[in-house]
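**Q** quick check, what structure comes out for this input:
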Amino acid sequence: MSYENLRSKLITLTEKIDILTKESDDLNFRYDKVMKEKTELEEKFEKITLEVKKHADLQNMILNQRLQSMQELYEAKVLDTAYIL
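**A** Numbering: from 1, shown residues only. This is a model prediction of the structure:
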C-alpha cells in the first residue's frame, strides 16, 4: 500500500473511532438516565406498596373489631334466647 492509501485509511478509521466514541457516550448517558428513572420508579412502587399495606391493615383492624362486636352481640342474643326458652 502506498503512503497516501495508508494515510486515507488512517483518517477514515479515526473518523469512525470518533463517531463510535460519541455514540458510546450518548448510550452511556441514556443508560444512566434510564437507570435513574428505574430507581425512582422502584422507590415510588415501594412507597405505594407500603401505603396500601397500611390501609389494608387498618381496614382489617376495623373489620376485626366489628366482627368481635357482632360475635359478642350474637352470644348475648343466644343467651337471651336460651333464657327465654
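**Q** any idea of the mean pLDDT for whichever strand or helix holds residue 14?
**A** Take DSSP states H and E as the rule and residue 14 turns out to sit in helix 3-84. For helix 3-84, mean pLDDT is 96.
**Q** centre of the chain versus it, how much separation?
**A** 1 Å (CA atoms, centre = their mean, to the nearest Å).
**Q** which helices and strands does it pack with?
**A** With contacts taken as 3 or more CB pairs under 8 Å, 6 or more residues apart in numbering; DSSP states H and E, helix 3-84 sits against no other helix or strand. To be clear about C-beta, it is placed using only N, CA and C from the backbone, and glycine gets the same treatment.
**Q** and residue 32, how far is that from residue 44?
**A** Distance of residue 32 to residue 44, given as CB to CB, to the nearest Å: 19 Å.
**Q** I misspoke; the intended subject was residue 71.
**A** 40 Å.
**Q** same thing with residue 56?
**A** Distance from residue 56 to residue 44, by CB to CB: 19 Å.
**Q** cool, residue 85 as well?
**A** 61 Å.
**Q** higher neighbour count, these two?
**A** Using other CB atoms under 10 Å as the criterion, residue 85 and residue 44 rank with residue 44 on top: 10 against 5.
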